[in-house]
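**Student:** predicted model follows, preceded by the sequence.
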Amino acid sequence: MKVVILGSGTGVPVKERGCAGLYVRIGGEHVLLDAGPGTLRQLVRLGVTYLDLDRIFLTHFHPDHCLDLVSILFAMRIPRPPRTKPLVIYGPRGLRQLYRRLNTAFGGWIAPRTYRLAFKELRGHTTLRLGGYTVRTAPMRHSPGALGYRLEHRGRAVAYSGDTDVCEGIVRLGRRADLLILECSMTDERKVAGHLTPSDCGRIAAQAGCRHLVLTHFYPVFKGYDIPGRVRRAFRGRLTLARDLAKFSI
Ligand SMILES: [Zn+2]
Ligand SMILES: [Zn+2]
């Protein structure tokens, strides 16, 4: 399994960090988790295009996590070469309504012409067996219906929080994961409800017993801040602070 952080930032634009997006190569498929603005272009930098994607999993509908859905579906209408591969998009309740509204807002320009497009709305704890691999979800503490995901293939697992506050669901998804990717939005001193701080992340990783903790979704407030120092109070395992296009093989 290969995992690439496409964007390690948030809705606040900074030069070196794009919005949320995660690319996973798993079981022969090209999978995208979240699709914040800029994700489509970051994929191209990896050599993956809109023609390759098999499935998209959205954690929630804040624009920094899903706005490039429009760009991706619009690109898929470009007739040469035509996209023929089916695409399945998963997300919380309201996904179909979001698509319908976006398609109306854009005058029908994101509707598929040459391929099959399916939507699957998920809630709470769900397990999907998708050919060669398994996807599990759990509710996150962020916005209504927000989901975290865990992808498993051949005994290896990656878990991703999207946005969340401390909750049982993310500990469960991260249980002994080879890679636990957590949002880390705010400093310990400026905690915001619905998001994690470095200390929160350290405690979650320790409880989950993950092998490698990756932090992402940094607001600019972290400039000069000792993130590892806070995480290390609880978690002694491997720790990476993500940059855009950081790659992991598990
Ligand atoms: Zn959010
Ligand atoms: Zn966010």
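**Tutor:** Yes, it's here. Ligands and ions are numbered 1, 2, ... in the order given.
**Student:** CA atoms for contacts and neighbours, from now on please.
**Tutor:** Will do.
**Student:** if I look at the residue in the chain sticking out farthest from the centre, how far off is residue 109?
**Tutor:** When each C-alpha in the chain is compared with the mean C-alpha position (Cα atoms, centre = their mean), residue 80 comes out farthest, at 29.0 Å. Noted for residue 80: a distance of 16 Å to residue 109, by Cα to Cα, to the nearest Å.
**Student:** could you do residue 229 as well?
**Tutor:** 48 Å.
**Student:** the more surrounded of these two?
**Tutor:** residue 109 (16 against 12; other Cα atoms under 10 Å).
**Student:** contacts only, for the residue farthest from the centre of the chain.
**Tutor:** By Cα atoms under 8 Å, 6 or more residues apart in numbering, the contact set of residue 80 is empty.
**Student:** let me know the pLDDT of it.
**Tutor:** Here the pLDDT value assigned to residue 80 is 86.
**Student:** distance check, it against residue 51.
**Tutor:** Residue 80 is 11 Å from residue 51, by Cα to Cα.
**Student:** excluding residues flanking it in the chain, which one is nearest residue 17?
**Tutor:** In space, residue 17 comes closest to residue 9 once its chain neighbours are excluded; the distance is 4.7 Å by Cα to Cα, 6 or more residues apart in numbering.
**Student:** hang on, that neighbour in a strand?
**Tutor:** No. Residue 9: not assigned to a strand; according to DSSP: H, G, I helix; E, B strand; the rest coil it is coil.
**Student:** so what's it up against?
**Tutor:** 17-20, 216-219.
**Student:** tell me who's in contact with residue 182.
**Tutor:** For residue 182, the contact set (Cα under 8 Å, 6+ apart) comprises 160-163, 201, 213-216.
**Student:** quick one, which of those residues are buried?
**Tutor:** 160-163, 201, 213-216 (16 or more other Cα atoms under 10 Å).
**Student:** and the two most separated of those?
**Tutor:** 163 and 213 (15.5 Å; Cα to Cα).
**Student:** what's stretch 214-225 in contact with?
**Tutor:** Applying Cα under 8 Å, 6+ apart, the external contacts of stretch 214-225 come out as 7-10, 12, 14, 19-20, 179-187, 201, 239-243.
**Student:** if we use 6 Å, what do you get?
**Tutor:** The contact list for stretch 214-225 (Cα atoms under 6 Å, 6 or more residues apart in numbering) reads 8-10, 181-185, 239-242.
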